[in-house]
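>>> how would this look folded up:
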Amino acid sequence: MKKTVVLLAILAAVVFVSGCATSLTGCGFDHAGPGLVFTDVYKGGYISPKADSLKDVTVLGAVSGVSKSSSILGWISSGDSSIWAAKNDALKGLDADDIINIEVDTKVKSILGVISEVELHLRGIAIKYNK
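Numbering: from 1, shown residues only. Predicted coordinates for the structure are as follows:
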């Protein structure tokens, strides 16, 4: 009986630990699952449809922006890791109206779930609408 309990405990531990070692899929992109002790993952998140026509816009060039948020113990969270914040960061200092051909990736870092950081990285082409 004691051997059976030990065997079941070992089997349960193996199943519990191996579940995080698989890949996950988010928005069509595979990425590593969160680590129990340490996480440092950069994963794909979103790609907008490419612009069909650029005849009514002036292309200003490639831009990139980052937005960030963090959490301590899951009790205190701050920051803004939204696409909107990354878009504003990308257009900072430019006389642009919008960004097209947007690609977004997310970088997640966590240590024991005590301190967690999320960065959203946005890339695209800045444009100004012709009026």
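
>>> now the strands for this protein?
23-26, 29-32, 38-47, 57-72, 76-80, 98-111, 115-129 (DSSP state E).

>>> Reformat these into TSV and put mean neighbour count and distance to D89 next to each item.
C-beta: built from backbone N, CA, C; applies to glycine. Below are the strands of the chain laid out as TSV (neighbours: other Cβ atoms under 10 Å; distance: least, Cβ to Cβ, whole Å):
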stretch	mean neighbour count	distance to D89
strand 23-26	11	22
strand 29-32	15	22
strand 38-47	15	16
strand 57-72	15	3
strand 76-80	11	10
strand 98-111	17	11
strand 115-129	18	8
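
>>> For V6, find the nearest of the ones you listed.
Among the strands of the chain, strand 38-47 comes nearest to V6, with 29.2 Å by Cβ to Cβ.

>>> if you average pLDDT over that closest one, what comes out?
Strand 38-47 comes out with an average pLDDT of 68.

>>> Same question for stretch 55-74.
For stretch 55-74, mean pLDDT is 89.

>>> which sections of this structure are below the confidence cut-off?
Residue ranges of the chain with pLDDT under 70: 9, 11-36, 38, 40-44, 49, 52-53.

>>> Beta-bridge partners for I111, please?
F38, I115 (DSSP bridges).

>>> Can you tell me how far it is from V37?
Using Cβ to Cβ, to the nearest Å, I111 is found at 8 Å from V37.

>>> Would you mind listing the residues in contact with R123?
62-64, 90, 102-104 (Cβ atoms under 8 Å, 6 or more residues apart in numbering).
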